[in-house]
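> Compute the structure for the input listed below.
(2 chains)
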Protein chains: 2
Amino acid sequence: MTTDTKRKSLTEPLAARAVDVHGGGPTLFLHPFDVHRMGLHAGESVRVTIGTLPDAPAIVNVSATLVQPGEAGLSGELVGRAGALTGQPVTLAVARRVTSVQWIRHKLDGGRLSPEQIQAVVRDIARGSFTHIEVTAWASALQVHGMDTDEVVAYVNAMVASGERIRFDTGPVMDVHSIGGVPGNKYAPIAVPIVACHGLKIPKTSSRAISSACGTADFMEVVTPVSLSSAEIKRITEEVGGVLAWGGGVQLAPADDAIIRVEYPLALDPKAQLLASVLSKKVAVGATDVLIDIPVGDGAKIPDEAAARALAHDFITVGQRVGLKVEVSLSKGSQPVGRTIGPLLEIREALQVLEGQTEAQAVIDKACTFAGRLLEMGGVAQPGRGKALANATLADGRALAKFRAIIGAQGGDPDVQSKNLNPGPLSIPLHTYDAGLVVGVHNPDLVQIARAAGCPRDQGAGLMLDCQPGDRVEAGGVLYTIYAEHQHRLDAAAELARKLRPFRIEGGEVMEIVR
Amino acid sequence: MTTDTKRKSLTEPLAARAVDVHGGGPTLFLHPFDVHRMGLHAGESVRVTIGTLPDAPAIVNVSATLVQPGEAGLSGELVGRAGALTGQPVTLAVARRVTSVQWIRHKLDGGRLSPEQIQAVVRDIARGSFTHIEVTAWASALQVHGMDTDEVVAYVNAMVASGERIRFDTGPVMDVHSIGGVPGNKYAPIAVPIVACHGLKIPKTSSRAISSACGTADFMEVVTPVSLSSAEIKRITEEVGGVLAWGGGVQLAPADDAIIRVEYPLALDPKAQLLASVLSKKVAVGATDVLIDIPVGDGAKIPDEAAARALAHDFITVGQRVGLKVEVSLSKGSQPVGRTIGPLLEIREALQVLEGQTEAQAVIDKACTFAGRLLEMGGVAQPGRGKALANATLADGRALAKFRAIIGAQGGDPDVQSKNLNPGPLSIPLHTYDAGLVVGVHNPDLVQIARAAGCPRDQGAGLMLDCQPGDRVEAGGVLYTIYAEHQHRLDAAAELARKLRPFRIEGGEVMEIVR
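Residues are numbered from 1 along each chain as shown, chains lettered A, B, ... in the order given. Sure thing, here's the model as predicted:
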């Protein structure tokens, strides 16, 4: 295994030039003359230094028309890092094998890693020194061999050290996080304002959907910018009590995002990664007291209660060792939370709750239970009294006002109203043939259908559930409606829905799509 | 796990247009207008159908200047598949998760796979349906969990079925293959002509270097084209008895190349992959009798004899089950074969042997031993008489004449002479301070230095070993010389050489670079 990380500069500087292309990752366009002169090759991975920026990896693409000899064409991904750059000097260096790949191999071979070894791997992932190949091997190694508690603690600390870190002058700093797996989970835009109403700080960062249909950051983005800097997260939290930001928009534990990206196509979900991912982002955002939600049930990430309790124990143990007070909620994960799935539909339902509508009892109950426990953890409510305080804060409109203050502070429209949020524009209802009792719904099927419809990238795409388990349906009644922004995605979702049949209705029903 | 492979076409056909860029893999350049209209996104993976060609994967890149609305810009990689194409209709389809990823997950989780499941994975890898992520997970799973004999047999058959297959009307069809790990291994251009001289067919395909400094295909390419079609391999073998072609230039077991590509950065080398890789290419090329060379020793792929014997047994067992008669040679793998490493230097040394020079006794001995055994396996020589026949065939010039006939048939210059092959043009000698006995040389270090010098891509780059184990050196004598085509690569190689010190000299020597 090569362990040499020294790099030789290919001396001659080139002149930077922006090339209007993006989507292929950091790409350096060079003229064949320069490629030959420097002994480079199409597809080769190099380190590129633009002006005074730190060096970064890029792939050499060859073109005799996009650039002249002596020019370094930079794709959108590289321009984004460099800003105004035309003519700036660009130097290249040959990328050698990165030292820490040996620790990835060691973990793949079943070995144990020291804190320093884990830190080296995480640092190189965060720097972008690895391709998908090495990162996939790392995720695969964690999936197969796992990590012991000491390794996970080191992994959390390494992830925190790999990025920015927010430090608040005074505590406590609350946070709440669901490990996911349940569609429609929209407690955050309700719970965060409630907690912030009572003088507690709650800098809530959320993820975008990876394997799910819609993450909290995806639906928040419908009504407000969510890409905040860590300075903005700190300032807004100190000013209005909370934020609802995208965790990936700020450099908190940046290695995590690179790892999660390769896990998705393989449906990998190693426990060490889950623990480190959640806890590192909480430490990095400056939280001191964290409530973690583990949805449990058929179709959820954690199917049974015993596994959930073991995971809860790991969260508490590791949390304590990295300086966090962690509590864990086990919640019902076998059906969607509320009636909507998809960015626009979800934020609309949450906003309706904040505006005083009371139909979405499951949403209200989950949000107020979490907010209530956070109020107790933060010392604002007596044990056992938090939920009532949370419900009161929602009912009297203070939560709505605080929500508006938060999105206003983030740059969104503080006067947003649920009635102005319209999904679609395309939709198709899904009917049932037979009357009966809805006895269940298969979450993973709903997620697949919602993604086929365009979630999370198409904000108007999603599902509106007209029925939920426990409801009686009439023959020919609508079970749910698919919304989409593009006809071909609506068609694909409807075709998938016809195949998957996510609802279970007592009495041998037939379900079909009526158009 | 999603198992839906149906794809929805994004109906509107675009007009093909070649874009002068290559190096980033199959890339589709679309105007932002079309990207938006079709509900696509920069970086998204799609299936693209150009004219009447089968669909292929591509990554969407966005540019408002390279293409007009309604145009599909195709990178060099896609143009290469399509040929003359301007204005041809291009249709796109959304890529869904590929069914067989579930079997990759199953293997990663330690499961056993059925022949059908293995075939599905191999077929999808060969088709290019997976990214590096899924292929890396597959290689990692094989590394961690391995395969039992039944699985390996199924794996070989699946790899054969994934590509083209050459069938000769009459046998036997001989082949010889070294599993690698020893630099300078240049028996093939000598052994293949010897075998072909005696009426046996020997369609030898070789690989390019991946982790090594120089593969057989790399040095053969210095004197002849090596990218032959399977029809050409068959025709030339029938006409002149043998070929010396690049295995990757023909679609024999194409999945193998994609897997090997991800193994290199991680230095993965799962046994199941090694067995399947070698045996599938032999079955696909139409071989019936195969001699496999396992170099054994410090710094070789297989360090000890017990492991080599176990691997030999696996080759013979699996070979028999896929219809091959396999014999295995265990050879000395602790030092380079001959005095040269690098494309031009290696073919020059082999050509010198064919021309009658006798300095390179290790090369001559290895080539004639292999050729001799192949002559015995093929029924041309009595057991125990093959090597003498091989030596005689080399000594009397028949081997050289046949070598010239082979490279002439492949399109190379049949009049090539070793004296016209000159390495460099840059070079630097490496001296020893102290006199002493050379007691060893560390192959992996030599490989690293040769690669730093530009091997295998720069044909003139490489190492000339002035000393070998057993030689006495004078104080200040030259141990070896580094050749390179580019100054920065020569500098990098010299710097590495200074650090690694690949030669062990008895008596506490100091080695340094004198410039």
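> any idea where the strands of the stretch 151-300 of chain A begin and end?
Secondary structure of the stretch 151-300 of chain A (DSSP state E, counting those that start in this stretch): strands at A:174-178, A:202-206, A:242-246, A:289-296.
> now these in CSV, with distance to A:Phe130 and mean neighbour count?
Bear in mind the C-beta positions are built from the backbone N, C-alpha and C, glycine included. Listed next are the strands of the stretch 151-300 of chain A as CSV, based on distance: least, CB to CB, whole Å; neighbours: other CB atoms under 10 Å in any protein chain shown:
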stretch, distance to A:Phe130, mean neighbour count
strand A:174-178, 27, 26
strand A:202-206, 24, 26
strand A:242-246, 24, 27
strand A:289-296, 29, 23
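> I'd like the ones you listed as JSON lines, with distance to chain B and mean pLDDT appended.
Below are these laid out as JSON lines (distance: least, CB to the nearest CB, whole Å; pLDDT from 0 to 100):
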{"stretch": "strand A:174-178", "distance to chain B": "22", "mean pLDDT": "94"}
{"stretch": "strand A:202-206", "distance to chain B": "20", "mean pLDDT": "94"}
{"stretch": "strand A:242-246", "distance to chain B": "17", "mean pLDDT": "95"}
{"stretch": "strand A:289-296", "distance to chain B": "19", "mean pLDDT": "93"}
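> Let me have those strands in TSV, extended by distance to B:Pro336.
Listed next are the strands of the stretch 151-300 of chain A as TSV, based on distance: least, CB to CB, whole Å:
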stretch	distance to B:Pro336
strand A:174-178	57
strand A:202-206	56
strand A:242-246	55
strand A:289-296	58
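> Quick one: distance of stretch A:382-394 to the chain centre.
In terms of CA atoms, centre = their mean, to the nearest Å, the centre of stretch A:382-394 is set 29 Å apart from its chain centre.
> CA atoms only: put that stretch into CSV for me.
Backbone C-alpha positions of stretch A:382-394 (Å, rounded to 0.1, in the frame of the first residue of the first chain) are rendered in CSV as follows:
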residue,chain,number,x,y,z
GLN,A,382,-41.6,21.0,35.4
PRO,A,383,-41.4,17.2,34.6
GLY,A,384,-44.7,16.1,33.2
ARG,A,385,-45.9,19.6,32.4
GLY,A,386,-44.0,20.3,29.2
LYS,A,387,-46.6,18.9,26.8
ALA,A,388,-49.4,21.0,28.2
LEU,A,389,-47.3,24.1,27.9
ALA,A,390,-46.4,23.2,24.3
ASN,A,391,-50.0,22.7,23.4
ALA,A,392,-50.9,26.0,24.9
THR,A,393,-48.1,27.7,23.1
LEU,A,394,-49.4,26.3,19.8
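> Get me the contact residues on the stretch 201-350 of chain A for chain B.
With the criterion set to CB under 8 Å from any CB of the partner chain, the stretch 201-350 of chain A comes near chain B through A:Val262, A:Pro265, A:Leu266, A:Ala267, A:Leu268.
> who wins for neighbours among these?
If you count neighbours using other CB atoms under 10 Å in any protein chain shown, the busiest of those is A:Val262, which has 25 neighbours.
> From A:Lys281, how far off is that one?
Using CB to CB, to the nearest Å, one gets 18 Å for the distance from A:Val262 to A:Lys281.
> again with A:Gln117
Computed as CB to CB, the A:Gln117 to A:Lys281 distance reads 22 Å.
> Have a look at these two and say which one is more surrounded.
The residue with more neighbours, out of A:Gln117 and A:Lys281, is A:Lys281; 26 against 20, by other CB under 10 Å.
> farthest-separated two in the residues of the stretch 201-350 of chain A next to chain B?
Pairwise distances across those peak at 11.2 Å for A:Val262 and A:Ala267 (criterion: CB to CB).
> need the contact list for A:Gln251.
A:Gln251 makes contact with A:Gly163, A:Glu164, A:Ser230 under the criterion CB atoms under 8 Å, 6 or more residues apart in numbering or on different chains.
> give me that answer again for 6 Å
Contact analysis of A:Gln251 by CB atoms under 6 Å, 6 or more residues apart in numbering or on different chains lists A:Gly163, A:Glu164.
> what's the spacing between it and chain B?
With the distance defined as CB to the nearest CB, to the nearest Å, A:Gln251 ends up 20 Å from chain B.
> B:Ser75 versus that residue, what's the distance?
Computed as CB to CB, the A:Gln251 to B:Ser75 distance reads 32 Å.
> same thing with A:Glu77?
When CB to CB is the yardstick, A:Glu77 and B:Ser75 sit 16 Å from each other.
> the more surrounded of those two?
For A:Glu77 against B:Ser75, the residue with the higher neighbour count under other CB under 10 Å is B:Ser75, and the figures read 25 against 18.
> my guess is A:Gly249 meets A:Pro225, correct?
No - in this structure, A:Gly249 sits apart from A:Pro225 without contact. The criterion is CB atoms under 6 Å, and the distance is 8.9 Å.
> Looking at these two now, which is surrounded by more residues?
Regarding A:Gly249 and A:Pro225, a neighbour count based on other CB under 10 Å identifies A:Gly249 as having more, with 19 against 15.
> Give me the number of neighbouring residues for the closest residue to A:Ala245 other than its chain neighbours.
Sequence neighbours aside, A:Leu228 is the residue nearest to A:Ala245 in space, at 4.4 Å (criterion: CB to CB, 6 or more residues apart in numbering or on different chains). With neighbours defined by other CB under 10 Å, the count for A:Leu228 comes to 25.
> any idea how far chain B is from the residue nearest the centre of chain A?
When chain A is reduced to its mean C-alpha position, the nearest residue by CA atoms, centre = their mean turns out to be A:Ser207, at 2.1 Å. Counting by CB to the nearest CB, the gap between A:Ser207 and chain B amounts to 18 Å.
> and A:Ile480, what does it touch?
Quick fix: residue A:480 is Tyr, not Ile. A:Leu430, A:Leu463, A:Leu465, A:Asp466.
> If you rank those by neighbours, which is first?
Neighbour counts for these, by other CB under 10 Å, peak at A:Leu463, which reaches 30 neighbours.
> so what's it bridging to?
According to DSSP bridges, the residues that bridge with A:Leu463 are A:Ile341, A:Ile482.
> May I have the predicted confidence score for the residue nearest to the centre of chain A?
Turning to A:Ser207, the model gives it a pLDDT of 83.
> repeat for A:Lys6
39.
> For the residue in the stretch 301-450 of chain A positioned nearest to chain B, what are phi and psi?
Among the residues of the stretch 301-450 of chain A, A:Gln448 lies nearest to chain B; the distance is 6.2 Å by CB to the nearest CB. Backbone torsions of A:Gln448, given as degrees, to the nearest 10, read phi -60, psi -40.
> try A:Leu430
Dihedral angles of A:Leu430 (phi, psi; degrees, to the nearest 10) stand at phi -110, psi 120.
> mind showing which ranges of chain A have poor pLDDT?
Low-confidence segments of chain A (pLDDT under 70): A:1-11, A:80-84, A:94-97, A:507-515.
> Pop the domain breakdown of it in here.
Chain A resolves into domains spanning A:14-94, A:101-161, A:174-254+A:270-410, A:426-513 when parsed by automatic domain parsing.
> Any buried residues in the helix or strand containing A:His488, and which?
A:His488 is part of helix A:487-500 when elements are defined by DSSP states H and E. Residues of helix A:487-500 classed as buried: A:His488, A:Arg489, A:Leu490, A:Asp491, A:Ala492, A:Ala493, A:Ala494, A:Glu495, A:Leu496, A:Ala497, A:Leu500 (neighbour count, 16 or more other CB atoms under 10 Å in any protein chain shown).
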